[in-house]
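In: Got a predicted structure plus its sequence, pasted below:
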Amino acid sequence: MGFSWLQAQERIPQVEELLGKMTLEEKIGQLNLLTPGGGVATGSVVSEDVEAKIRAGNVGGIFGVSSPEKVRQAQELAVKNSRLGIPLLIGSDVIHGYKTTFPIPLGLSSSWDMDLIEETAKVAAREATADGINWNFSPMVDISRDPRWGRVAEGAGEDAYLGSQVARAMVRGYQQDDLTRPETMIATVKHLALYGASEGGRDYNRVDMSRTKMFNEYLPPYKAAIDEGAASVMTSFNDIDGVPASGNKWLLTDLLRERWGFEGFVVSDYTSVNEMIAHGMGDLQDVSALAIKAGLDMDMVGEGFLTTLQKSVEEGRVSEEEITIAARRILEAKHKLGLLDDPYKYSDESRPERDILTDEHRKTARKAAASSFVLLKKHNNTLPLSKNAKIALVGPLANDKNNMLGTWAPTGDPSLSIPILEGFRNVAPNATVTYAKGANISDDPEYAKKVNVFGPRIEISEESPEELLKEAMDVVENADVVVAVVGEATEMSGEAASRTEISIPESQKKLIRELSQSGKPVVLVLMSGRPLTIPEEMQLPVSILQVWHPGVEAGNAIADVVFGDINPSGKLTATWPHNVGQIPIYYGMRTTGRPAASEEFEKFKSNYLDSPIAPLLPFGYGLSYTNFEYSDVKVSDNTLNSNGEIIVSATVANTGEYDGEEVVQLYIHDKVRSITPPMKELKGFQKINLKAGESQTVEFNISVEDLKFYNGNLEYVFEPGEFEFFVAGSSDGEFQGTFNLEE
């Protein structure tokens, strides 16, 4: 468990003394979060209008500012120039590392290594706080079963159980049970709630689902992060039951505070209060009043609170007490950080050189990247490659610094990333590596323009596609083996980057087809921020290694795995469909009354005329250079009492020639219950390391707590009955045993 956040009845004298001195305007000022933008010509940390608001006590926090010097300037504006001298919260989006950029969160989750994920968050906090930041807009814990949604890259995939473990690990890493330490920062759970279920996979779109689906399949990771002690929550852009999250009292008060006991503060997403106008909830005064009364404490950028709440108090639409409660929560967070005693604790100018982008942090990034890679297909034992081979390294992402960090890496520096060509030469200096681009990421300049909003991500060569392809094939002719680095540019996924077609772009498909017909062994290194539809590529005579967007150490980590210094051990945390028509597709679907018995078409069963119903690649899937065999799966007792515990165990053997890691997964199915159960549910996992020829017995303890669910009345209950289980290396397993749960 994380630290216990301040209980409502535990009033802090320092905070109460401040509140007693504050005018209504100053209380409202604490609820205002601004970003200065590009600064001003004088070199000041913030623009003139933001400076004036800080001096007037009308700003509670800012983001988009970093470095000890700039943060000190901002705090001096607040502390020395405003009437009460209340310091600022300094926020930032530190999503997957600060300057040391780690793999995108979907990639990190594919490691299934909670200690490693916690360590990446700890490194991110150490670096960000060294640069003056004390409040992080992370972790994003939204469950998503729709890979068309670009922000699937920022979460932990489709499963509530795994997502909850990742959420807890990240909160622990950022806050470390002690927010008074200068290398820790406030974690913000986002986006409350259901943002990953937007209709059509289109960002910012509507969401509509039943309460039982919410509570059982989407809400658990938010609650897990809050139970772990997360001090802040950010609202989502979407509506819930027709009411936008930033103004939804059921969500922010009834659920978050009264049911879950959250005592931190809630911030809106960027201008989401103002955006309730477009939702049809009224004018700026209407939506601002709706938000504060719903339980929102801080307004990000929109300034609706700042410009309308005083008028709403005068008109009796909002009480001053409601504003006082929100201001108290902001001040309590500042107290918890120690800012009320030392506003400059995050302005140590010696820290950046000591704590940012250190060799040790890069080492962690390299390990995290390699741990996230998923071997999707093995062909003819091409992998791992010999370090003395003649290699044709081709593809638009093979020698590219701009696409290594991944989406939502605003604090990272692409120029510091290691491209794959450099990594190959670092790890295998005796190999002969010859490079050719071979293709553009996309040949469409209009598409490239949309993707390149944050800088060059898709660069279209002056050479024609035919010339690029010929250069690649010339290089291939003299090689022993071909490695093609293909896939998405970083901003082809992420926020406002939804896609209706999630295959590899046609420009690269042409290259892959030609390479597969060259007669040379081919390895596809596939880079993306989401699951892709790759049925064609899976049928080709190629090996496929999925590397996501790996971060600042991309090239070195990919080389570590391709040349066999590290055996890939990642497992998919989101199902990969054959085609977009299968979406949503996820392993934990509820069965229908007419389930298909097999992939053979049968009329009046739940299937498709033109597609399989099974996914291309299931949740939990991932291969290794070695082979793992499971045996002796059993349960310690066929009966589980409501106050007891049983053990499910399995023997896992490494029967191949390489040492390797395996993620051993436990799935359970409740055969009969009061609401339709999922066909299978992940209930445990362990990542184990086995030397070649070694075996190990893996045990999972099961108690009644593991079998509870929210029933039709939203009561968290267990129901006696029979349960099936299996232990395997992916969700695509057959049930191997049963046990009974008794009262």
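Out: Now that the structure is in, tell me what you want to look at.

In: my guess is Val141 contacts Ala169, does it?
Out: No - Val141 is beyond contact range of Ala169, at 11.0 Å (criterion: CB atoms under 8 Å). Quick note: C-beta positions are derived from backbone N, CA and C, even for glycine.

In: Between these two, point out the one with more neighbours.
Out: The residue with the greater number of neighbours, taking Val141 and Ala169 and applying other CB atoms under 10 Å, is Val141; the counts read 34 against 27.

In: who's in contact with the closest residue to that one other than its chain neighbours?
Out: Counting by CB to CB, 6 or more residues apart in numbering, Pro221 is the residue found nearest to Val141 once chain neighbours are left out, at 3.8 Å. Residues touching Pro221, when contacts are defined by CB atoms under 8 Å, 6 or more residues apart in numbering, comprise 141-143, 156, 160, 163-164, 166-167.

In: can we see that at 6 Å?
Out: 141, 163-164, 167 (CB atoms under 6 Å, 6 or more residues apart in numbering).

In: How much space separates Pro615 from Ser66?
Out: 42 Å (CB to CB, to the nearest Å).

In: Sorry, wrong one. I was asking about Asn607.
Out: From Asn607 over to Ser66 (counting by CB to CB), the distance is 53 Å.

In: ok, now Ile647?
Out: 49 Å.

In: between these two, which one's more packed in?
Out: When Ile647 is set against Ser66 and neighbours are counted by other CB under 10 Å, the residue ahead is Ser66, at 20 against 12.

In: Not counting residues beside it along the chain, what's closest to the more buried one?
Out: The spatial neighbour of Ser66 that comes closest, neighbours along the chain excluded (CB to CB, 6+ apart), is Asp131 at 4.4 Å.

In: surely that neighbour meets Lys70?
Out: No - using CB atoms under 6 Å, Asp131 is not in contact with Lys70; the gap is 9.0 Å.

In: more crowded one of these two?
Out: Residue environment comparison for Asp131 versus Lys70 gives the larger neighbour count to Asp131, 24 against 20, counting by other CB under 10 Å.

In: in the stretch 251-400 of the chain, which spans are strands?
Out: Applying DSSP state E, counting those that start in this stretch to the stretch 251-400 of the chain gives strands spanning 265-267, 299-300, 374-377, 390-394.

In: Identify the residues contacting the second one?
Out: Right, the one you point to is strand 299-300. The contact list for strand 299-300, computed with CB under 6 Å, 6+ apart, reads 31, 33, 267-268, 270, 273, 305.

In: how does it look with 8 Å?
Out: 31-33, 267-273, 288, 291, 305-306.

In: Partner strands of that strand and their direction?
Out: For strand 299-300, the pairing partners within the sheet under DSSP bridges are strand 32-34 (parallel).

In: Which SSE is immediately downstream of the partner strand?
Out: helix 48-55 (DSSP states H and E).

In: quick one: the helices in the stretch 201-350 of the chain?
Out: Residue ranges of the helices in the stretch 201-350 of the chain, as given by DSSP state H, counting those that start in this stretch, are 211-213, 220-227, 249, 284-294, 304-314, 320-337.

In: how about the fifth one: buried residues?
Out: Right, helix 304-314. Applying a neighbour-count criterion of 16 or more other CB atoms under 10 Å, the buried positions in helix 304-314 are 304-306, 308-310, 312-313.

In: cool, the longest one as well?
Out: Of the residues in helix 320-337, those with enough neighbours to count as buried (16+ other CB under 10 Å) are 322-323, 325-337.

In: So which elements touch it?
Out: Counting contacts by 3 or more CB pairs under 8 Å, 6 or more residues apart in numbering; DSSP states H and E, helix 320-337 is packed against helix 13-21, helix 24-30, strand 89-92, strand 186-192, strand 265-267, helix 284-294, helix 304-314.

In: Any idea which of the ones you listed gets closest to Leu252?
Out: With respect to Leu252, and counting by CB to CB, the nearest of these is helix 284-294 at 4.9 Å.

In: Count the neighbours of the residue nearest to Trp149 when sequence neighbours are not counted for me.
Out: Take Trp149 and drop its neighbours on the chain: the residue closest to it by CB to CB, 6+ apart is Gly201, 4.2 Å away. By the other CB under 10 Å criterion, the neighbourhood of Gly201 contains 25 residues.

In: from what I can see Gly201 touches Pro147, true?
Out: Yes - counting by CB under 8 Å, Gly201 sits close enough to Pro147 to count as a contact (7.3 Å).

In: Quick check: neighbours shared by these two?
Out: Ile583.

In: And the contacts of strand 299-300, which is closest to Gln75?
Out: Using CB to CB, Leu33 is the member of the contacts of strand 299-300 that lies nearest Gln75, at 15.4 Å.

In: what bridges to the closest one?
Out: In this structure, Leu33 bridges to Gly61, Met300 when assessed by DSSP bridges.

In: what sits against the closest residue to Ala479 other than its chain neighbours?
Out: Nearest non-adjacent residue to Ala479, counting by CB to CB, 6+ apart: Ala392, 3.7 Å away. Applying CB under 8 Å, 6+ apart to Ala392 gives the contacts 434, 436, 472, 475-476, 478-479, 481-483, 520.

In: got the angle for the lowest-mean-pLDDT helix or strand in the chain vs helix 304-314?
Out: For the chain, the helix or strand with the lowest mean confidence is helix 48-55, at a mean of 89 (criterion: mean pLDDT, DSSP states H and E). When axes from the mean of the first three to the mean of the last three CA atoms, to 10 degrees is applied, the directions of helix 48-55 and helix 304-314 differ by 50 degrees.
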